[in-house]
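Undergrad: Below is the sequence, then the predicted model.
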2 protein chains.
Amino acid sequence: MVERLSALAQPTRLGVFRMLMRAGLNGLPAGAIAATAGVPGNTMSTHLAILSRAGLVSARRQSRSIIYTANLDTIRDVLSFLVEDCCGGHPEICAPLIKIADNTCCPPQTKHKPQPKPKRRAT
Amino acid sequence: MVERLSALAQPTRLGVFRMLMRAGLNGLPAGAIAATAGVPGNTMSTHLAILSRAGLVSARRQSRSIIYTANLDTIRDVLSFLVEDCCGGHPEICAPLIKIADNTCCPPQTKHKPQPKPKRRAT
DNA sequence: ACGTTATTTCAATAGATCTCGATATATGGA
DNA sequence: TCCATATATCGAGATCTATTGAAATAACGT
């Protein structure tokens, strides 16, 4: 589990992981990922290997390209692990956590990204 | 966000975070946390400072002890960030993620939610 | 004030990680 | 086969992280 969190705890890799989450089942080839992230191919290859070793992404070859896809089951395990037993007999405490899936992951219909709420006035 | 994930990507700190998630609103004093984890006080203090700077835990003084508590809002943001836009128009793909809160965080046998969930069709 | 307990901060070292040039491997086409 | 494309692996230097002894700070009791 630490390996999985470590894999995500790096700016380039976190960006790649989210890119692949959005890309869905189709995934993306290594070259496109590197180009989008603005990182040399060999550097990205190292990062992808780390994500892959952590089980967060899967790779398949398609002709000359290697297509990477996010592994939903693994990320589910990571999230579950973090909130495991958090309620300790007081489910109401965890109410904020329960809304994650419905509000963020699979927003009802038109809603997509959570809009940044204006907390303070811009100066 | 990388700072938050980095804070969790270390065995001692991940253990402490989960310990505090289970401890709930009462939290635990630094000394007890260090003793339970089997780590010297100053080492644990460093780890707690990292979790605190990342916003994952909060600290309050109570007499001579410093009581640490997990910050549920922050961990919710972390989880949301990871699964953001994961569905890309195909909510069924994310079905595994939707079950996290209900199955792991607040298991059904102790379930007692403040408001019902008249939401999507479950399978 | 003094001593005791609880925790933090400082400083130094050991170890791990990030990046990228050079090189190697794999695929497809002529 | 030879060449071009796509990606992976190696190696080394720079940077970051983890740990802990020693010293500092904070609160309480006497």
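TA: Nice, thanks for sending it over.

Undergrad: what helix or strand does A:Leu5 sit in?
TA: Using DSSP states H and E, A:Leu5 maps to helix A:2-8.

Undergrad: how about the helix or strand that that helix is followed by as CSV, C-alpha atoms only?
TA: Counting by DSSP H and E, the next helix or strand C-terminal to helix A:2-8 is helix A:11-23. Extracted in CSV, the C-alpha atoms of helix A:11-23 (Å, rounded to 0.1, in the frame of the first residue of the first chain):
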residue,chain,number,x,y,z
PRO,A,11,3.8,15.4,-9.6
THR,A,12,4.4,13.7,-13.0
ARG,A,13,3.0,10.4,-12.0
LEU,A,14,0.0,11.8,-10.3
GLY,A,15,-0.8,13.8,-13.4
VAL,A,16,-0.4,10.7,-15.5
PHE,A,17,-2.6,8.6,-13.3
ARG,A,18,-5.4,11.2,-13.5
MET,A,19,-4.9,11.5,-17.2
LEU,A,20,-5.4,7.7,-17.5
MET,A,21,-8.4,7.8,-15.2
ARG,A,22,-10.0,10.3,-17.6
ALA,A,23,-9.0,8.3,-20.6
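
Undergrad: Just after helix A:11-23, pick out the following helix or strand.
TA: Downstream of helix A:11-23, the next assigned helix or strand under DSSP H and E is strand A:28-29.

Undergrad: Report the distance from that following strand to the chain centre.
TA: In terms of CA atoms, centre = their mean, to the nearest Å, the centre of strand A:28-29 is found 15 Å from the chain centre.

Undergrad: Residues contacting it, please?
TA: By CB atoms under 8 Å, 6 or more residues apart in numbering or on different chains, the residues outside strand A:28-29 that reach it are A:Met19, A:Leu20, A:Thr36, A:Gln62, A:Ser65, A:Ile66, A:Ile67, A:Tyr68. Bear in mind the C-beta positions are built from the backbone N, C-alpha and C, glycine included.
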